[in-house]
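Chemist: A predicted structure for the sequence below; I have some questions about it.
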Amino acid sequence: MDSSFSRHGNFLLLAIAVFLSFINMASSIDCFKCVSMNGRFPACDDPFHNNHSLQMLESPCMGGRKGRDGLFPATSCIKIAGVFDDTGETITVRGCGLDSGTATTDTEIIRMSHCGRFYYDDRYVHGCLQSCNDADACNSSRKMRSTSLLSLITFTLMALVCKS
């Protein structure tokens, strides 16, 4: 009876570990936030150097959400770089955003990077809008995510269960 209980206990432990490995943790992302018009803030412009830029890093980055008041933890960093059509001035904007849950990609700024003409602050800009969500500030090394850690624990438990 002890070995049957031990097998059931090991199976239950393994089932719990597998279940936990599929849970997605909610987290926010750190992003650089700055604006440079016509090169007036070179630290924000491209090429971007991560030297002395911690004062521009917002951790966690907070953003607005359509139809809601207040700020919420962001899920993506964004960068807008372009030239105003009417004056030829350059603009670089770094910030963050989050998906508001609408059904179409074209209404969510963070779902797809694109280049071309777009409206910014009631003026046409020719440039690119880029979004990323793969790492804090989208320029640091990848961190081991909780789901990867739980998967590692799951495989370790599986190895221990199969061994006994």
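Modeler: Looks like it arrived, so ask away.

Chemist: From Gln55, how far out is Phe84?
Modeler: 27 Å (C-beta to C-beta, to the nearest Å). Heads up, the C-betas are built off the backbone N, CA and C, glycines and all.

Chemist: Who has more neighbours out of the two?
Modeler: Neighbour totals were compared for Phe84 and Gln55, and Phe84 leads with 18 against 10 (other C-beta atoms under 10 Å).

Chemist: That one and Tyr124 touch, don't they?
Modeler: Yes - taking contacts as C-beta atoms under 8 Å, Phe84 lies within contact range of Tyr124: 7.1 Å.

Chemist: now the strands for the protein?
Modeler: For the chain, strands defined by DSSP state E occupy the ranges 31-32, 34-37, 57-58, 62-63, 72-73, 76-84, 90-97, 114-120, 123-132.

Chemist: Contacts for the first one next, please.
Modeler: Counting by C-beta atoms under 8 Å, 6 or more residues apart in numbering, strand 31-32 makes contact with 44, 48, 53, 56-58, 61, 74, 77-78, 94-96, 136-138, all of which sit outside it.

Chemist: Strand partners (parallel or antiparallel) of that strand?
Modeler: As defined by DSSP bridges, the strand partners of strand 31-32 come to strand 57-58 (antiparallel).
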